[in-house]
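Colleague: Next input, structure requested:
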Amino acid sequence: MSRDEATIEMVDSNLQREHILPSEKAWAYKMKMDAMKRKAGRPSRENGAPMEHNFENKKTIELIGEESGESREQIRRYIRLTELVPELLQFVDEGKIGMRPAVELSYLQEEEQRDLVETIDTEESFPSHDQAIRMRKMSADGKLDMDAIFAIMPEQKGNQKERLKIPMERLERFFPRGTPQKQVEETIIKALDYYRKHLNKKREDKGDR
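Modeller: The predicted structure is shown next:
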């Protein structure tokens, strides 16, 4: 087994895990894509012909999508996440920045991303998809600086709602690492509903005495 074949095998094995963080998927797909491209570009041992014919003229990203059961566009989005600075990628893992805005932010220059991280820390607010699109466009036009980011971020989001924030470190003993945020929220709501029913029953029992 060649080094690239071993990389592909390792990535495929890791992707079988039940809980996988977006960052883990992103780097796994990136590693697999790079390994597959190198493998396709090397001559075949049999006749010297490029191994690319084994891909049936399909792009590498399409093959990864077929093997993983995800769309080509979703694979592309995950791979784009590898262009984020570590702080922004962690926000994606924590569910604080969604996939779509994260992909838009991945097109910002590294310095612009770090300015955004500083703004997030100051404003305690995370960019919406619309804000991320605007920042990407300003970056492409060479107009995105710290002042521009500060002007965009405090804006009220269209779907902004009051939220209860619980640090993830307080929930780690209840949920395996990498549990999706939606699953965490649903489990907490179910637990609170069960607790409310338990309190109501205790009050009813006390009233019967």
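Colleague: buried sites along the helix or strand containing residue 119?
Modeller: Remark: residue 119 resides in helix 110-123, with elements defined by DSSP states H and E. In terms of neighbour count (16 or more other Cβ atoms under 10 Å), helix 110-123 has its buried residues at 112, 113, 115, 116, 117, 119, 120. Where C-beta positions appear, they are placed from N, C-alpha and C, glycine not excepted.
Colleague: Tell me the one of the residues you listed nearest residue 144?
Modeller: Of all these, residue 112 has the smallest distance to residue 144: 5.3 Å, by Cβ to Cβ.
Colleague: what's the average pLDDT for the longest helix along the chain?
Modeller: Longest helix in the chain, counting residues (DSSP state H): helix 181-208. Mean per-residue pLDDT for helix 181-208: 84.
Colleague: Residue 146: neighbouring residues, count only.
Modeller: The number of residues packed near residue 146 is 14, by other Cβ atoms under 10 Å.
Colleague: With residue 181 instead?
Modeller: Residue 181 - counted by other Cβ under 10 Å - has 14 other residues nearby.
Colleague: One more: residue 94?
Modeller: Neighbour number of residue 94 under other Cβ under 10 Å is 14.
Colleague: Could you do residue 184 as well?
Modeller: Neighbours of residue 184 (other Cβ under 10 Å): 16.
Colleague: repeat for the one 3 residues further on
Modeller: For residue 187, the count of nearby residues is 14 (other Cβ under 10 Å).
Colleague: tell me the pLDDT at the closest residue to it other than its chain neighbours?
Modeller: The shortest distance from residue 187 to any non-neighbouring residue, by Cβ to Cβ, 6 or more residues apart in numbering, is to residue 175 (7.4 Å). Listed pLDDT for residue 175 reads 84.
Colleague: So residue 175: helix, strand or coil?
Modeller: Under DSSP: H, G, I helix; E, B strand; the rest coil, residue 175 falls in the coil class.
Colleague: residues in contact with it?
Modeller: 183, 184, 187 (Cβ atoms under 8 Å, 6 or more residues apart in numbering).
Colleague: for the spatially closest residue to the second one that is not a sequence neighbour, phi and psi?
Modeller: Meaning residue 184. In space, and not counting its chain neighbours, residue 184 is closest to residue 175: 5.6 Å by Cβ to Cβ, 6+ apart. Residue 175 adopts backbone torsions of phi -130, psi 140, taken as degrees, to the nearest 10.
Colleague: what's the answer for the one 3 residues further on, then?
Modeller: When quoted as degrees, to the nearest 10, the phi and psi of residue 178 stand at phi 90, psi 0.
Colleague: what does residue 130 give?
Modeller: Dihedral angles (degrees, to the nearest 10) for residue 130: phi -60, psi -40.
Colleague: Pass me the low-pLDDT residue ranges in this structure, would you?
Modeller: Low-confidence segments of the chain (pLDDT under 70): 1-18, 39-58, 156-165, 207-209.
Colleague: Need the residue closest to the centroid of it.
Modeller: Nearest residue to the geometric centre of the chain (Cα atoms, centre = their mean): residue 22, 3.5 Å.
Colleague: separation between that residue and residue 201?
Modeller: According to Cβ to Cβ, to the nearest Å, residue 22 and residue 201 sit 41 Å apart.
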